[in-house]
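> Just need the structure, nothing else, for what follows:
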Amino acid sequence: MITNNVSIRKPFDSDSAINMKILIVFARFRGGTGRVVTHLARVLSANHDVAILGTKDAEQNFSCPENVQNIIFDCQKDSSESLIHYIWKRSKGIRKTILDFKPDVVVSFLSLISTLVCISLFTTRVPIIVSERSNPLQEHHGWKFNLLRFIAYHRADLIVVQNRLFASFYKSYFKKKTVAIPNPVPTRTRKKDVHTVISAPRIIALGNLSPWKKYDRMINLFSKFHESYNDAVLTIYGDGVDRNRLNGLIKQLKLDGHVFLPGHISDIDKIFSDADIFWMTSEREGFPNALCEAMSAGLPCVMFECHAGLREIIQNGVNGFLIPYDDDNEFVKTTERLCRYKSLRNGIEESATEISERYKEDIVVKMWEKTICDLVEESE
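Have a look, this model is predicted:
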């Protein structure tokens, strides 16, 4: 367990909370962060006046929760646009949009948008909470953005990270105004494991097909695992820029018919029910939503320990397996042990499902509500 001076917010009684105007700023509504934002807005709108400020392109992929106002603003960064030009061009417009709403507090998600929000509101007194949704210790945005974000975050009243380890970014400069709030984990279901020995393992992974997910490494690991389990299948759900490269690797390793890239899926419970083991090989993660949902379903999980904060989620050998990042052999051997021993799988399954209680959606939303209410009360 990671321990330091960063507080973890605890839930509170929302019945005693003050009514507030809350503006949530976010740019991308797909993926784990999008689910967190929409759920947070929906629950908070029961007691508060909530609006979501999103980009024009996000509108196509987003169904705004009932009772939540949806404000659209063109704050998406073009790929050819320099960072300085982007901030200069967008800052005045987003400042006017935010101030027109007259929020009691602004909650901004993701680094780039949060940097823009802080700079836009630098000379105002509107309380700002920024939320880092990945691991800021491992992000590589370049020195220009890192410097600009460092300057901008002086304006933030609170910084939310996903576990206490991440509070040490910028050499712990902002640690005193940093709080840790995990992601909510929904309860998932899965058919009971009835196999004594798994002779044809069905391994799954779930996430964007991006280079930092290291699915090429996963496929190479599976090639080695496949030598012992000829009928094994690896299915990687999701889509992204690495699709063509990964398909080429599958053909190169002659794993056609054993490794599949079916794209996005909607019935997550079904894929968990049809699977035996969950793999994750990312070189960096924040709070890994896919991993936690697989654990919630009782699916045995094997992942590389890309940062020590993952120990807040996985107790190695108790509710899952954290493998040293450079140890490919141990990754494969651990998976083989899971296939051989039903008692090991059953023990992992029983402990892993507890994660949905620890990070229950209502509990996490109340942590957020307490954080927001405390800041507004202090700012009055």
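
> For the residue nearest to Ser63 when sequence neighbours are not counted, grab the count of nearby residues.
Once flanking residues are discounted, Ser63 sits nearest to Thr38: 7.9 Å by C-beta to C-beta, 6 or more residues apart in numbering. (Glycine included, C-beta is placed from N, CA and C.) Residues lying near Thr38 (other C-beta atoms under 10 Å) number 19.

> my guess is Thr38 meets Pro65, correct?
Yes: when contacts are counted by C-beta atoms under 8 Å, Thr38 is listed as touching Pro65 (5.9 Å).

> next helix or strand past the helix or strand containing the residue nearest to Ser63?
According to DSSP states H and E, Thr38 maps onto helix 31-44. Remark: after helix 31-44, the chain's next helix or strand is strand 49-54, criterion DSSP H and E.

> quick check: mean pLDDT across that next one?
In this model, strand 49-54 has an average pLDDT of 91.

> other SSEs contacting the following helix or strand past that strand?
Once strand 49-54 ends, the next helix or strand along the chain (criterion: DSSP H and E) is strand 68-72. Counting by 3 or more C-beta pairs under 8 Å, 6 or more residues apart in numbering; DSSP states H and E, the packing neighbours recorded for strand 68-72 are strand 49-54.

> Now with 10 Å, please.
Strand 68-72 sits against strand 21-25, helix 31-44, strand 49-54, helix 83-101, with contacts defined as 3 or more C-beta pairs under 10 Å, 6 or more residues apart in numbering; DSSP states H and E.

> deepest of these, which one?
strand 21-25 (a mean of 24; mean count of other C-beta atoms under 10 Å).

> Give me the distance between that one and the centre of its chain.
The chain centre lies 20 Å from the centre of strand 21-25; the measure is C-alpha atoms, centre = their mean, to the nearest Å.

> helices or strands up against that strand?
Secondary elements touching strand 21-25 (3+ C-beta pairs under 10 Å, 6+ apart): helix 31-44, strand 49-54, strand 68-72, helix 83-101, strand 105-109, helix 111-120, strand 128-131, helix 361-379.

> got a pLDDT number for Thr3?
39.

> just the strands in the stretch 201-350 of the chain please.
202-206, 233-237, 259-263, 277-280, 301-305, 321-324 (DSSP state E, counting those that start in this stretch).

> Just put those strands in JSON lines and tack on distance to Arg337, mean neighbour count and mean pLDDT.
Listed next are the strands of the stretch 201-350 of the chain as JSON lines, based on distance: least, C-beta to C-beta, whole Å; neighbours: other C-beta atoms under 10 Å; pLDDT from 0 to 100:
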{"stretch": "strand 202-206", "distance to Arg337": "14", "mean neighbour count": "22", "mean pLDDT": "97"}
{"stretch": "strand 233-237", "distance to Arg337": "18", "mean neighbour count": "21", "mean pLDDT": "98"}
{"stretch": "strand 259-263", "distance to Arg337": "22", "mean neighbour count": "16", "mean pLDDT": "97"}
{"stretch": "strand 277-280", "distance to Arg337": "11", "mean neighbour count": "24", "mean pLDDT": "98"}
{"stretch": "strand 301-305", "distance to Arg337": "10", "mean neighbour count": "23", "mean pLDDT": "98"}
{"stretch": "strand 321-324", "distance to Arg337": "9", "mean neighbour count": "19", "mean pLDDT": "98"}
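
> could I get the ones you listed as JSON lines with distance to Arg164?
Shown next, in JSON lines, are the strands of the stretch 201-350 of the chain (distance: least, C-beta to C-beta, whole Å):
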{"stretch": "strand 202-206", "distance to Arg164": "26"}
{"stretch": "strand 233-237", "distance to Arg164": "30"}
{"stretch": "strand 259-263", "distance to Arg164": "35"}
{"stretch": "strand 277-280", "distance to Arg164": "21"}
{"stretch": "strand 301-305", "distance to Arg164": "16"}
{"stretch": "strand 321-324", "distance to Arg164": "17"}
